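> everything below, folded, please.
(one chain, ligands or ions: 2)
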Amino acid sequence: MADCIFCSIVAGDIPAKIVHRTESVVAFKDINPQAPLHVQIVPTRHIRDAAALGADDAVVLSEMVAVAKTIATDAGYDPEARGYRLVMNIGPDSLSSVPHLHLHVLAGRTMEWPPG
Ligand code: AMP
Ligand code: ZN
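Residues are numbered from 1 along each chain as shown. Ligands and ions are numbered 1, 2, ... in the order given. Below you'll find the model as predicted:
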């Protein structure tokens, strides 16, 4: 999609530190990390956000969650030991800032709850 920063990263038009790529999913380091590990996992196809997902998107959504586990585990934050946090922001109140579906993977510090 034109003028979408994450579509541009997927296409290679904007540089990013890509950590994982498949045909349907790309993962890259967040430019403004909020934890020692902060990765964005995005579908290669433009989907606005999690609220725009349809029944046909079940496979890509489950791949995003599986890739998150692989990345966190490979970085030493496996679920049984330290673990990690997954976040999807939707709409203005969530402070969502990029209108291309992305799954935040955060790990490497003890998180806070409730989130800010
Ligand atoms: P959200 O606020 O949930 O929409 O998250 C957007 C995230 O994208 C933020 O954590 C930003 O730091 C991150 N971000 C924005 N632009 C880039 C970029 N060019 N490369 C990597 N991460 C980015
Ligand atoms: Zn996009």
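
> near ligand 2, which residues of the protein?
Selection of the chain residues close to ligand 2 by Cβ under 5 Å from the ion yields 1, 4, 6-7, 46, 100. Every residue, glycine included, has its C-beta placed from N, CA and C.

> nearest to ligand 1, of those?
Within the residues of the chain next to ligand 2, distances to ligand 1 taken as Cβ to the nearest ligand atom reach their minimum at residue 6, with 7.6 Å.

> how far off centre is the helix or strand harbouring that closest one?
Per DSSP states H and E, residue 6 falls inside helix 5-11. Here helix 5-11 is found 13 Å from its chain centre; the criterion is Cα atoms, centre = their mean, to the nearest Å.

> following that helix, which helix or strand comes up?
strand 18-21.

> ok, and for that next one, which residues are buried?
Residues residue 19 are the ones in strand 18-21 that count as buried (16 or more other Cβ atoms under 10 Å).

> work out the gap between the helix or strand just after it and the centre of the chain.
Using DSSP H and E, the helix or strand that follows strand 18-21 towards the C-terminus is strand 25-29. Offset of strand 25-29 from its chain centre (Cα atoms, centre = their mean): 7 Å.

> for strand 25-29, packing partners?
Where contact means 3 or more Cβ pairs under 8 Å, 6 or more residues apart in numbering; DSSP states H and E, strand 25-29 is packed against helix 5-11, strand 18-21, strand 37-43, helix 58-74.
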